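Participant: Next comes the sequence, and after it the predicted model I'd like to discuss.
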Amino acid sequence: MSQSPSGRAGVVDPGTERLTPPLHGADLVVVANRLPVQQTSKEGDDEWRPSPGGLVTALTSMLQNRNGLWIGWPGGSQHDELPETFEGIQLRPVDISPEEYESFYLGFSNATLWPLYHDAIRAPTFHRHWWHTYAEVNMRYARAAAEAVAENGTVWVHDYQLQLVPQYLRKLRPDVRIGFFLHIPFPPSELFMQLPWRREILAGLLGADLIGFQVPSAAANFSRLARRITSATGTATDLVYEGRQIQVGAFPISVDCKQITAMALDPAIRARAVELRATLGNPDLVLLGVDRLDYTKGIQQRIRAVAELFADGTLDPEHAVMVQVAVPSRESDAHYEKERHDLEQVVSEMNGEHGLVGKPVIHYLHQNLPFDELVALYLAADIMLVTPFRDGMNLVAKEYVMCRTDLTGKLVLSEFAGAASELRGAFIINPHDLEGIKEGIRSALKVSKKEGKSRMSRMRRKTLRRDVFDWTNSFFAALARPVQPVDLETVDQFDD
Ligand code: GDG
């Protein structure tokens, strides 16, 4: 690896190397940490299956229509069997060694950037060798994209693991149009300024023509920082950097509304929802939480709040029950291990103190469930609890809303989830305020049938207006917008 002359930043220097566009390059390339397929072992046979989720479906369908290719890590170390194409799109694997996985993924991505970008609710860890590997691995993704994309083609880079890719790619292939979307929050300057490599990360992102965020405040945080610590000028939505015009904006992600609605109306899944309620003892009230087991999601806080509602008699263990699904995530990180330990302690205390023989007050599943089962749970739940301390969007909230076709069900939602700016029919709470969470649940319990339906209908209308396909289309349309010639004389400084 060659490094910047100062050596301070440790950024890979792409130098002046330019790559010639390939003869049969792809018109559109998606670059993401992971490929859209994952290896599953069934009866001893390895099989590659699409990774679950609306994002993969939407991006795949966009790539199918545009001679597309997806670059990403296939997971694990053995991927000899990786298919060259998947549902009509080409796959290009990026190799990551176990040591790089430690530094690039578990280290810089998930122990530096993830906590820093989520309000530093766990102290971010800064290590120079993690940063060096992050830069090297980003260069590998950029090079793979540069070697794959057609002349004047388009590359769409995703998420916090790959923030240096736009700059590296632009150096290698200046002819290419580059979009970047950040799925997680972008922090305010008070936090971002902690990052020893803040200038390098901003310069990395500024290699793109369009930089998209989940919510306008994240976009504003970015533009303000770019103008403060790089040579970028301009407004919150239009920056000028190194003679290029860059669009910055909010593109709130969504779910596949049609698919989820169809599943929610599927008789077999509805029957499963009825069966789940029966298994829970046909209680009057089912409360539900569904999250990756992550310290940002506020799972313990919500369970404590529900436990206090059992303690003060608002909830009766004979008639109310909570289900918490916590999908295993990043298990080799000490913060996550501790979060699981503490969470399981809280679950056990709640059952110990409020459960009855044969009637636990909380059912806790540390498992990855099939999506059908998740939909059945959404259908079975009267109140959905989504209480992250900070979340880019939170798709669980939107999935729940899309499942409630009969307008029943209430959503208690953190004001710090991106989804809160759209789902105004939710009972909005501050997850740091235990009394506030309890009050939100109490309000959801008390609300009249009529008002409950009108709240749900409002949230459904809002979600239906923009599904995940509209999201990809609107991002792509903005990226394709012709670049205006830059008139440096008329570029105003944005007024904070
Ligand atoms: C990041 C940002 C942003 C959950 N349990 C199971 C399961 N899930 C699925 C849900 C949902 C997805 O996982 C979780 O998405 P979220 O948006 O809630 O959260 P993150 O994983 O943190 O995602 C977030 C998102 O990116 C997209 O931009 O909204 O803010 O943090 O789709 O359904 N799926 C299955 N079994 C489970 O047990 N099959």
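Facilitator: The structure has been received and is ready for your questions.
Participant: contacts for whichever strand or helix holds Tyr168?
Facilitator: For Tyr168, the host element (DSSP states H and E) is helix 165-172. Identification of contacts with helix 165-172 by CB atoms under 8 Å, 6 or more residues apart in numbering yields 12, 14-19, 31, 138-139, 141-143, 145-146, 155, 157, 176, 178, 180, 203-208. Backbone N, C-alpha and C define where each C-beta goes, glycine included.
Participant: Sitting in strands, which of those residues do you find?
Facilitator: Val31, Val155, Val157, Ile178, Phe180 (DSSP state E).
Participant: Filter those residues down to the buried ones.
Facilitator: Val31, Val155, Val157, Ile178, Phe180 (16 or more other CB atoms under 10 Å).
Participant: Can you check the pLDDT for the first one?
Facilitator: Model confidence at Val31, given as pLDDT, is 97.
Participant: Next up, the contacts around it.
Facilitator: Taking CB under 8 Å, 6+ apart, one finds 70-72, 141-142, 144-145, 155-158, 162, 165 in contact with Val31.
Participant: same deal with the last one?
Facilitator: Applying CB under 8 Å, 6+ apart, we find Phe180 in contact with Trp156, Val157, His158, Gln163, Val165, Pro166, Leu205, Ala208, Leu210, Ile211, Gly212.
Participant: quick one: which of those residues is nearest the ligand?
Facilitator: His158 (8.9 Å; CB to the nearest ligand atom).
Participant: Skip the chain neighbours and tell me the closest residue to that closest one.
Facilitator: Distances taken as CB to CB, 6 or more residues apart in numbering place Ala32 nearest to His158, at 4.2 Å, with adjacent residues excluded.
Participant: The spatially most central residue of the chain and Asp391, how far apart?
Facilitator: The chain has His183 as the residue nearest its centroid, 4.4 Å off, counting by CA atoms, centre = their mean. Separation of His183 from Asp391 (CB to CB, to the nearest Å): 10 Å.
Participant: and what of Glu81?
Facilitator: Counting by CB to CB - Glu81 and Asp391 are separated by 35 Å.
Participant: ok, so of the contacts of Val31, who is nearest Arg122?
Facilitator: Using CB to CB, Leu162 is the member of the contacts of Val31 that sits closest to Arg122, with 22.1 Å.
Participant: Pretty sure Asn33 is one of the things that closest one touches, is it not?
Facilitator: Yes. Counting by CB atoms under 8 Å, Asn33 is a contact partner of Leu162 at 6.6 Å.
Participant: These two: which has the busier surroundings?
Facilitator: Using other CB atoms under 10 Å, the more surrounded residue of Leu162 and Asn33 is Leu162, with 27 against 19.
Participant: backbone phi and psi for the more buried one, please?
Facilitator: phi -130, psi 40 (degrees, to the nearest 10).
Participant: From Pro482, how far off is it?
Facilitator: 26 Å.
Participant: repeat for Asp238
Facilitator: With CB to CB as the criterion, Asp238 and Pro482 are 14 Å apart.
Participant: who has more neighbours, those two?
Facilitator: Neighbour count, other CB under 10 Å: between Asp238 and Pro482, Asp238 has more, with 18 against 5.
Participant: give me the beta-bridge partners of the more buried one?
Facilitator: Gln247 (DSSP bridges).
Participant: quick one: it and Ala232 touch, right?
Facilitator: No. In terms of CB under 8 Å, Asp238 does not count as a neighbour of Ala232; the distance is 10.4 Å.
Participant: got any residues that touch both of these two?
Facilitator: Ile246.
Participant: The stretch 301-450 of the chain against the ligand: which residues are in contact?
Facilitator: Proximity of the stretch 301-450 of the chain to the ligand (CB under 6 Å from any ligand atom) is limited to residues 325, 327, 368-371, 374, 391-396, 399.
Participant: ok, which pair from the residues you listed is furthest apart?
Facilitator: Spanning the widest gap among these are Pro370 and Gly392, at 24.6 Å by CB to CB.
Participant: Looking at these two, which has the bigger crowd around it?
Facilitator: Applying other CB under 10 Å to Pro370 and Gly392 shows that Gly392 carries more neighbours, namely 25 against 9.
Participant: domains of the protein?
Facilitator: According to automatic domain parsing, the chain comprises the domains 26-253+472-490, 257-465.
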